[in-house]
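> With the input below, show me the fold.
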Amino acid sequence: MTRQRLKSILLILLVSGSIVQTAMLWTYHPSSESIEQEEVSFNEIDASKTVEGNQLVNPELVVYSNGETAYQTQIIGRTILNRIGASFDVGVLVLTDKASNIPNSKRSVEMIFPTPISAKMLEELLGEDQIAMSEPIKRLYLLDYEGPILRLESTTGRFKDFKLIGDDTVLKRLFAYDKKKPMTKVELKGGDYTYVPSNPPRLEEVFVYDEVAQDPKPLKRLESAFFTENSNVQQIKSRDDLDVLTDGVSVSTYDRDYNAFRFNTLSPNTQTSSVDYSTLVSYINIHGGWLDQVTQRSGFRYYFDQMSKSDEEQSAIFRLYLNRYPVFGETGPLLEQPDFDLATIKINFEENQIRSLSRSMLRADRKLLLRETTLPSIERIEQQLQEADLRDQISGIRMGYEMTYQISTSRYALFKPTWFIKQNGKWTTVDQATEKEG
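Down below sits the predicted model:
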C-alpha cells in the first residue's frame, strides 16, 4: 500500500513539473542585442590584398616543338614560369644580336605574350633579379641544348640566354606536350609570327546576368574602394546625368547603363619611386580587387594585356578572360574616353603617379551555356583575310570571345566565340574587318 502511494506521489510531481516547465517556455521572452550583418567592402571582394598569381601575366599561348611539328603543351605558361623559378638557378650565358649565333635546339617550348613585357615583370614571374634586358621581351624559349637553356627574345630581335641548373625530372615535365592538339604557325606583319590551334576547339556561347543590385551596391563599393572613411565625400550628378562621388580632389564617375566606372585623382604625388608593374597590381589589389569569388567560379579572370605610352602619359591594360580565352568588349565613348573597352581594366599613370582607373563592375552570379560553336579553321580565316587584302596587314590573330553588354531592364552580357585580328594597333573580329574592307 505504501509503495503504491509513493508511485502516485512521484507521478503527481512529474506531471506538476512538466506543467511548470511548459508554462515557463510559453511565457519566456529572451532578451538579446541585435547583430548587424557585416558589410563586405569592395576592397575585400578578392578575399586578399595580395597578388593572385592566376590573374597576372598570362602567355597568349605555350607551344612545344620537336623541330618539325608544333603542339600545345600540357601545362600552362604560368606553371612553367613558376617551375623554372622554383627549380632552377638562372645564370647569364650569352647575349647576341642574331639567332644564328646560338645553335638550334632539337626540342623547345615557346611562350608568346599578347604584347611584349619588361624584364622587370619577368623577374617577378621567375623570382629572379638577374634579367637585365633593356628592350621589351616578346617571346620566351625553353631549349634543350646540352642542358636546359632559357632564351629571351626582345622586340628588336636581340637574344639573351640563361643557363638553367636544376632537377632533370622538372625539365622533362616542362617539355610535356599534347599530341592531340597540333598548332599551326601563322606569319604576321613585318616578318613576325604566332601560333594558333590547327583544329579550333568547340567553344560555348555564354549568357551572363549582371547582378548589379546585389549588395553592396555599386556606389557603396566605389566609396569603400576609393574614399574610405572620408567625411568630405559628396554624391552629385554630372552634366551627362552620371553618378559622381567626389571629395573635391578625386572624382569617381559611375555609368549606370553599362555598370562601369572611372576614378580620377588630382591628389599630390605620394610615390617615392616610379610606377612599375608591381605598383599597378598593388593599386588594383587595394582599390577594389580583381573579381569576386562567384564571378571567378564562373570562369572569369583578369590577365595583363599591354602597356602603351603617348606623350607624358602611360597606360596599362588588364584584359578579362573567360575559360582562358581573351574577351574583347564593346568600345565607344564611355566614361569620358573615346574607345574604352568594357572587357578591360585600364590604368593611366605618369612616371611616378597613378591618375585614373577605369573598369566594368560585372558580377556574373548566373551563367547560362547557350550552345557550342565550332570556329572556322585557320586556313579558312587566312583565305578570308587574303580575299579582303588584309593578309599582310595584321600584327596579331587570336581566338576569343566578343562581349556584347545589353542595357535592357534585365542587364546581361553575351559572350560569343570568334576569331580576332590586330590591325593598326586595335583588335577587331575577322568578320568586322573583312566587311569594312569589302
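
> Flag the shaky bits of this structure, pLDDT-wise.
In the predicted model of the chain, residues 1-56, 97-103, 239-240, 268-272, 311-312, 331-333, 408-410, 436-438 satisfy pLDDT under 70.

> any idea how far the residue nearest to the spatial centre of it is from Ile347?
For the chain, the residue nearest the mean C-alpha position is Tyr302 (0.9 Å; Cα atoms, centre = their mean). Distance check for Tyr302 against Ile347: by Cβ to Cβ, to the nearest Å, it reads 12 Å. Yep, even glycine has a C-beta here, placed from its N, CA and C like the rest.

> one step back: so the residue nearest to the centre of the chain touches Ile317, yeah?
No: with contact defined as Cβ atoms under 8 Å, Tyr302 does not reach Ile317; the gap is 9.9 Å.

> Pretty sure Glu336 sits against Arg262.
Yes: with contact defined as Cβ under 8 Å, Glu336 reaches Arg262; the gap is 6.5 Å.

> Can you work out which residues contact both of these two?
Counting by Cβ atoms under 8 Å, 6 or more residues apart in numbering, the contacts common to Glu336 and Arg262 are Thr253.

> Which neighbouring elements make contact with the helix or strand hosting Met183?
Take DSSP states H and E as the rule and Met183 turns out to sit in strand 177-187. Counting contacts by 3 or more Cβ pairs under 8 Å, 6 or more residues apart in numbering; DSSP states H and E, strand 177-187 is packed against strand 61-65, strand 70-73, strand 193-197, helix 378-387.

> Can you dump the C-alpha atoms of stretch 360-373 in CSV for me?
Extracted C-alpha coordinates of stretch 360-373, given in CSV (Å, rounded to 0.1, in the frame of the first residue of the first chain):
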residue,chain,number,x,y,z
SER,A,360,33.4,47.4,-65.6
MET,A,361,31.8,46.2,-62.4
LEU,A,362,30.4,43.0,-64.0
ARG,A,363,29.3,40.3,-61.4
ALA,A,364,28.5,37.0,-63.1
ASP,A,365,26.4,35.2,-60.5
ARG,A,366,24.2,33.4,-63.0
LYS,A,367,25.7,31.9,-66.2
LEU,A,368,23.9,30.0,-69.0
LEU,A,369,25.6,28.0,-71.7
LEU,A,370,23.6,28.6,-74.8
ARG,A,371,25.2,26.5,-77.5
GLU,A,372,28.6,25.1,-78.6
THR,A,373,30.3,26.7,-81.6
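
> Pop the domain breakdown of this structure in here.
Listed domain ranges for the chain are 53-197, 200-438 (source: automatic domain parsing).

> List the buried residues in the helix or strand hosting Glu223.
Here Glu223 sits within helix 218-226, counting by DSSP H and E. By neighbour count with 16 or more other Cβ atoms under 10 Å, helix 218-226 contains the buried residues Pro218, Leu219, Arg221, Leu222, Glu223, Ser224, Ala225, Phe226.

> from those, which is closest to Ala70?
Relative to Ala70, the closest of these is Ala225; by Cβ to Cβ it sits at 43.5 Å.

> My read is that the closest one contacts His287, right?
Yes: because the distance of 5.1 Å satisfies Cβ under 8 Å, Ala225 is recorded as touching His287.

> for the stretch 101-250 of the chain, what spans make up the helices?
Under the criterion DSSP state H, counting those that start in this stretch, the stretch 101-250 of the chain contains helices at 119-126, 168-174, 218-226.

> a markdown table for those helices, including distance to Glu387?
Listed next are these as a markdown table, based on distance: least, Cβ to Cβ, whole Å:
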| stretch | distance to Glu387 |
| --- | --- |
| helix 119-126 | 39 |
| helix 168-174 | 41 |
| helix 218-226 | 45 |
